[in-house]
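Student: Predicted model follows, preceded by the sequence.
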Amino acid sequence: MSQHGHTHRLDLEDATLREWDAVVIGVDPERGIVLDRSAFYPGGGGQPPDEGVLLWGGVRTRILGTAKGDDLYLMPHEDDPVPPVGTAVRGALDDQRRTDLMRTHSGLHVLTGVVFRDFGALVTGGNMEPLTARMDFDLAEVPPDFKDRVAEAVNAEIRSDRRITVANLPREEAFAIPDIIRTATNLLPPGIEIVRIVDIAGLDTQADGGTHVASTAMIGRMEVVKMESKGRGFRRLRVRIS
(Lines give C-alpha, C1' and ligand atoms only; values in the text may rest on other atoms or scores of the structure.)
Protein backbone atom coordinates (compact mmCIF):
# COMPACT_ATOMS: atom_id res chain seq x y z
CA MET A 1 0.00 0.00 0.00
CA SER A 2 1.33 3.47 -0.94
CA GLN A 3 0.92 5.87 1.95
CA HIS A 4 1.94 9.37 2.91
CA GLY A 5 0.95 10.14 6.46
CA HIS A 6 -2.68 9.05 6.71
CA THR A 7 -3.38 9.33 2.96
CA HIS A 8 -3.47 6.31 0.66
CA ARG A 9 -1.62 7.35 -2.52
CA LEU A 10 -3.84 6.36 -5.45
CA ASP A 11 -1.73 8.41 -7.86
CA LEU A 12 1.22 6.04 -7.49
CA GLU A 13 -0.93 2.98 -8.17
CA ASP A 14 -2.92 4.10 -11.22
CA ALA A 15 -1.77 7.14 -13.18
CA THR A 16 -4.93 6.97 -15.33
CA LEU A 17 -7.27 7.55 -12.37
CA ARG A 18 -9.01 10.93 -12.54
CA GLU A 19 -12.01 10.57 -10.18
CA TRP A 20 -12.44 8.72 -6.89
CA ASP A 21 -14.39 8.72 -3.62
CA ALA A 22 -12.76 9.72 -0.34
CA VAL A 23 -13.44 10.96 3.17
CA VAL A 24 -11.98 14.07 4.80
CA ILE A 25 -9.90 12.93 7.79
CA GLY A 26 -8.20 16.21 8.66
CA VAL A 27 -8.40 19.96 8.11
CA ASP A 28 -5.60 22.39 8.93
CA PRO A 29 -6.49 26.08 8.55
CA GLU A 30 -3.00 26.91 7.33
CA ARG A 31 -2.04 23.86 5.28
CA GLY A 32 -5.27 22.41 3.91
CA ILE A 33 -7.41 19.28 3.64
CA VAL A 34 -6.32 15.68 4.30
CA LEU A 35 -8.17 12.82 2.60
CA ASP A 36 -8.04 9.13 3.41
CA ARG A 37 -7.44 8.43 -0.31
CA SER A 38 -6.03 10.80 -2.91
CA ALA A 39 -4.97 10.72 -6.56
CA PHE A 40 -3.54 14.26 -6.44
CA TYR A 41 0.17 14.03 -7.27
CA PRO A 42 1.76 16.30 -4.64
CA GLY A 43 4.72 17.39 -6.74
CA GLY A 44 8.34 16.32 -6.64
CA GLY A 45 11.15 15.23 -8.91
CA GLY A 46 10.56 18.30 -11.05
CA GLN A 47 6.89 17.44 -11.69
CA PRO A 48 4.45 20.09 -10.40
CA PRO A 49 1.45 19.13 -8.25
CA ASP A 50 -1.95 18.34 -9.67
CA GLU A 51 -4.93 20.65 -9.55
CA GLY A 52 -8.63 19.76 -9.46
CA VAL A 53 -11.76 19.84 -7.30
CA LEU A 54 -13.51 18.18 -4.40
CA LEU A 55 -17.29 17.76 -4.82
CA TRP A 56 -19.43 17.39 -1.70
CA GLY A 57 -23.01 18.19 -0.75
CA GLY A 58 -23.64 20.13 -3.94
CA VAL A 59 -20.52 22.22 -3.31
CA ARG A 60 -17.30 22.46 -5.35
CA THR A 61 -13.98 23.17 -3.64
CA ARG A 62 -11.14 23.96 -6.02
CA ILE A 63 -7.76 22.42 -5.18
CA LEU A 64 -4.78 24.49 -6.28
CA GLY A 65 -1.98 22.18 -5.20
CA THR A 66 -0.66 19.98 -2.44
CA ALA A 67 1.60 20.75 0.51
CA LYS A 68 3.81 18.02 1.94
CA GLY A 69 4.33 17.59 5.65
CA ASP A 70 3.35 14.93 8.13
CA ASP A 71 0.36 14.42 5.79
CA LEU A 72 -0.59 15.37 2.23
CA TYR A 73 -2.50 18.63 2.53
CA LEU A 74 -4.70 19.64 -0.40
CA MET A 75 -4.68 23.42 -0.71
CA PRO A 76 -8.18 24.84 -1.36
CA HIS A 77 -8.92 28.06 -3.20
CA GLU A 78 -9.25 30.83 -0.63
CA ASP A 79 -12.75 31.72 -1.84
CA ASP A 80 -14.13 28.18 -1.59
CA PRO A 81 -15.72 26.40 1.39
CA VAL A 82 -13.73 23.65 3.11
CA PRO A 83 -15.44 20.31 3.81
CA PRO A 84 -15.36 19.41 7.52
CA VAL A 85 -13.79 16.27 8.90
CA GLY A 86 -15.93 13.21 8.18
CA THR A 87 -17.34 14.57 4.91
CA ALA A 88 -17.61 12.16 1.99
CA VAL A 89 -16.19 13.83 -1.14
CA ARG A 90 -15.66 13.05 -4.79
CA GLY A 91 -12.18 14.00 -5.93
CA ALA A 92 -11.51 14.93 -9.55
CA LEU A 93 -8.24 15.95 -11.17
CA ASP A 94 -7.79 18.54 -13.91
CA ASP A 95 -7.47 15.88 -16.59
CA GLN A 96 -5.76 18.05 -19.22
CA ARG A 97 -3.11 19.28 -16.79
CA ARG A 98 -2.33 15.81 -15.43
CA THR A 99 -2.21 14.24 -18.90
CA ASP A 100 0.06 16.98 -20.24
CA LEU A 101 2.39 16.61 -17.25
CA MET A 102 2.53 12.84 -17.72
CA ARG A 103 3.42 13.27 -21.39
CA THR A 104 6.05 15.85 -20.50
CA HIS A 105 7.58 13.77 -17.70
CA SER A 106 7.81 10.66 -19.86
CA GLY A 107 9.27 12.77 -22.65
CA LEU A 108 12.01 13.97 -20.31
CA HIS A 109 12.86 10.37 -19.44
CA VAL A 110 13.26 9.63 -23.16
CA LEU A 111 15.46 12.74 -23.42
CA THR A 112 17.68 11.74 -20.50
CA GLY A 113 17.88 8.18 -21.81
CA VAL A 114 19.01 9.36 -25.24
CA VAL A 115 21.55 11.87 -23.94
CA PHE A 116 22.98 9.30 -21.52
CA ARG A 117 23.13 6.59 -24.19
CA ASP A 118 24.57 8.73 -26.97
CA PHE A 119 26.70 11.22 -25.03
CA GLY A 120 27.23 9.67 -21.58
CA ALA A 121 25.89 12.76 -19.81
CA LEU A 122 24.12 12.84 -16.44
CA VAL A 123 21.35 15.22 -15.43
CA THR A 124 22.24 18.15 -13.17
CA GLY A 125 18.83 19.80 -12.94
CA GLY A 126 15.50 20.31 -14.59
CA ASN A 127 12.01 21.72 -14.40
CA MET A 128 8.72 21.11 -16.15
CA GLU A 129 5.33 22.65 -16.74
CA PRO A 130 2.59 21.13 -18.89
CA LEU A 131 4.16 20.47 -22.32
CA THR A 132 7.28 22.62 -21.71
CA ALA A 133 10.44 21.83 -19.80
CA ARG A 134 14.15 22.35 -19.39
CA MET A 135 16.78 19.74 -18.63
CA ASP A 136 20.38 20.44 -17.63
CA PHE A 137 23.26 18.07 -18.41
CA ASP A 138 26.87 17.72 -17.35
CA LEU A 139 28.44 17.65 -20.81
CA ALA A 140 31.81 19.31 -21.45
CA GLU A 141 31.93 18.88 -25.23
CA VAL A 142 29.04 18.96 -27.69
CA PRO A 143 29.15 18.58 -31.47
CA PRO A 144 27.85 21.47 -33.62
CA ASP A 145 24.70 19.51 -34.52
CA PHE A 146 24.00 18.36 -30.94
CA LYS A 147 20.54 19.93 -30.66
CA ASP A 148 19.33 18.44 -33.95
CA ARG A 149 20.84 15.02 -33.22
CA VAL A 150 19.14 14.87 -29.84
CA ALA A 151 15.76 15.91 -31.27
CA GLU A 152 15.98 13.33 -34.06
CA ALA A 153 16.97 10.52 -31.69
CA VAL A 154 14.33 11.39 -29.10
CA ASN A 155 11.52 11.46 -31.65
CA ALA A 156 12.69 8.17 -33.15
CA GLU A 157 12.40 6.59 -29.69
CA ILE A 158 8.98 8.15 -29.16
CA ARG A 159 7.75 6.73 -32.48
CA SER A 160 9.09 3.30 -31.48
CA ASP A 161 6.12 3.00 -29.10
CA ARG A 162 8.26 1.68 -26.24
CA ARG A 163 6.33 0.39 -23.25
CA ILE A 164 6.67 2.39 -20.01
CA THR A 165 6.21 0.48 -16.76
CA VAL A 166 6.52 1.24 -13.04
CA ALA A 167 7.75 -1.13 -10.33
CA ASN A 168 8.58 -0.87 -6.63
CA LEU A 169 11.80 -2.69 -5.74
CA PRO A 170 13.71 -3.27 -2.50
CA ARG A 171 16.63 -0.84 -2.25
CA GLU A 172 19.35 -3.46 -2.79
CA GLU A 173 17.60 -4.90 -5.84
CA ALA A 174 17.03 -1.45 -7.32
CA PHE A 175 20.62 -0.33 -6.85
CA ALA A 176 21.84 -3.52 -8.52
CA ILE A 177 20.43 -2.12 -11.79
CA PRO A 178 23.24 -0.34 -13.71
CA ASP A 179 23.00 3.45 -13.87
CA ILE A 180 19.70 3.54 -11.98
CA ILE A 181 20.46 7.09 -10.82
CA ARG A 182 20.60 9.42 -13.82
CA THR A 183 21.32 12.59 -11.86
CA ALA A 184 24.86 13.76 -11.10
CA THR A 185 23.85 13.86 -7.42
CA ASN A 186 21.93 10.97 -5.84
CA LEU A 187 18.73 12.60 -4.54
CA LEU A 188 17.20 9.48 -3.00
CA PRO A 189 16.82 9.67 0.80
CA PRO A 190 19.49 7.44 2.41
CA GLY A 191 16.94 5.56 4.53
CA ILE A 192 14.51 4.69 1.75
CA GLU A 193 13.77 0.94 1.67
CA ILE A 194 11.55 0.69 -1.43
CA VAL A 195 12.62 2.42 -4.64
CA ARG A 196 10.10 3.25 -7.35
CA ILE A 197 11.52 2.43 -10.78
CA VAL A 198 10.27 3.75 -14.13
CA ASP A 199 11.36 1.66 -17.10
CA ILE A 200 11.15 2.59 -20.78
CA ALA A 201 11.66 -0.77 -22.44
CA GLY A 202 15.02 -1.02 -24.15
CA LEU A 203 15.98 2.61 -23.53
CA ASP A 204 15.94 3.90 -19.97
CA THR A 205 15.53 2.62 -16.41
CA GLN A 206 15.73 5.01 -13.48
CA ALA A 207 14.44 5.79 -10.03
CA ASP A 208 11.52 8.20 -10.18
CA GLY A 209 8.45 9.17 -8.16
CA GLY A 210 6.29 10.87 -10.77
CA THR A 211 3.43 9.90 -13.07
CA HIS A 212 3.91 8.67 -16.63
CA VAL A 213 2.06 7.61 -19.76
CA ALA A 214 2.02 3.90 -20.67
CA SER A 215 3.96 4.15 -23.93
CA THR A 216 6.36 6.55 -25.62
CA ALA A 217 3.91 6.90 -28.52
CA MET A 218 1.55 8.69 -26.12
CA ILE A 219 4.12 11.47 -25.55
CA GLY A 220 3.60 13.11 -28.93
CA ARG A 221 6.48 14.96 -30.54
CA MET A 222 9.35 16.68 -28.76
CA GLU A 223 10.89 19.86 -30.14
CA VAL A 224 14.28 20.88 -28.77
CA VAL A 225 13.64 24.60 -28.80
CA LYS A 226 17.02 25.83 -27.62
CA MET A 227 20.38 24.76 -26.22
CA GLU A 228 22.13 27.06 -23.75
CA SER A 229 25.65 26.89 -22.34
CA LYS A 230 25.60 27.90 -18.68
CA GLY A 231 29.25 27.49 -17.84
CA ARG A 232 31.84 24.75 -18.13
CA GLY A 233 30.17 21.43 -18.81
CA PHE A 234 26.69 22.84 -18.11
CA ARG A 235 24.31 22.45 -21.06
CA ARG A 236 20.63 23.34 -20.82
CA LEU A 237 18.06 22.00 -23.28
CA ARG A 238 14.67 23.66 -23.50
CA VAL A 239 11.99 21.44 -25.00
CA ARG A 240 8.35 21.54 -26.01
CA ILE A 241 5.87 18.68 -26.44
CA SER A 242 3.19 18.77 -29.13
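Tutor: Perfect, thanks for sending it.
Student: what's the host helix or strand of G91 packed up against?
Tutor: Counting by DSSP states H and E, the element that carries G91 is strand 88-93. Counting contacts by 3 or more CB pairs under 8 Å, 6 or more residues apart in numbering; DSSP states H and E, strand 88-93 packs against strand 19-28, strand 52-56. In this view, the C-beta of every residue, glycine as well, is placed from N, C-alpha and C.
Student: can I get these in CSV with distance to L101, mean neighbour count and mean pLDDT?
Tutor: Conversion of the helices and strands packed on strand 88-93 to CSV gives the following (distance: least, CB to CB, whole Å; neighbours: other CB atoms under 10 Å; pLDDT from 0 to 100):
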stretch, distance to L101, mean neighbour count, mean pLDDT
strand 19-28, 17, 16, 97
strand 52-56, 12, 20, 98
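Student: just so I know, which of these lies nearest G120?
Tutor: G120 lies closest to strand 52-56 among the helices and strands packed on strand 88-93, at 40.2 Å (CB to CB).
Student: partner strands of the closest one, parallel or antiparallel?
Tutor: Using DSSP bridges, the strands paired with strand 52-56 are strand 59-68 (antiparallel), strand 88-93 (antiparallel).
Student: And the next helix or strand past the last one?
Tutor: Looking back up the chat, that one is strand 88-93. Next along the chain from strand 88-93, counting by DSSP H and E, comes helix 95-119.
Student: can you state the direction angle for that next one and strand 19-28?
Tutor: Using axes from the mean of the first three to the mean of the last three CA atoms, to 10 degrees, one finds that helix 95-119 and strand 19-28 are set 90 degrees apart in direction.
Student: what packs against helix 95-119?
Tutor: Here helix 95-119 touches strand 122-129, strand 132-138, helix 146-159, strand 194-200, strand 204-207, strand 222-229, strand 234-241, going by 3+ CB pairs under 8 Å, 6+ apart.
Student: and the last one, what's its mean pLDDT?
Tutor: In this model, strand 234-241 has a mean pLDDT of 95.
Student: Paired strands for that strand, with orientation please.
Tutor: Partner strands for strand 234-241, per DSSP bridges, with pairing direction: strand 132-138 (antiparallel), strand 222-229 (antiparallel).
Student: The shortest one versus strand 122-129: what angle between them?
Tutor: Yep, that's strand 132-138 we're talking about. In terms of direction (the same axes, to 10 degrees), strand 132-138 departs from strand 122-129 by 170 degrees.
Student: Count the neighbours of L101 for me.
Tutor: Using other CB atoms under 10 Å, L101 has 24 neighbouring residues.
Student: got a pLDDT number for the nearest residue to it once chain neighbours are set aside?
Tutor: Ranked by CB to CB, 6 or more residues apart in numbering and with sequence neighbours excluded, the top spatial neighbour of L101 is P130, at 5.5 Å. The per-residue pLDDT reported for P130 equals 98.
Student: Apart from its chain neighbours, what residue comes closest to the residue nearest to the spatial centre of the chain?
Tutor: Nearest to the mean C-alpha position of the chain, by CA atoms, centre = their mean, lies G210 at 3.0 Å. Leaving aside its sequence neighbours, G210 sits nearest to Q47 (CB to CB, 6+ apart; 4.2 Å).
Student: What is the burial count for G202?
Tutor: Per other CB under 10 Å, the neighbour tally for G202 reads 11.
Student: What strand or helix carries it?
Tutor: Here G202 is assigned to no helix or strand, by DSSP H and E.
Student: contacting residues for the closest residue to R117 other than its chain neighbours?
Tutor: Among residues not flanking R117 along the chain, L203 sits closest, at 7.4 Å (CB to CB, 6+ apart). Counting by CB atoms under 8 Å, 6 or more residues apart in numbering, L203 touches V110, G113, V114, R117, E157, R162, T216.
Student: Among these, the buried ones, what's the PyMOL command?
Tutor: The buried residues among these can be selected in PyMOL (16 or more other CB atoms under 10 Å) with this line:
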select buried, resi 110+113+114+157+162+216
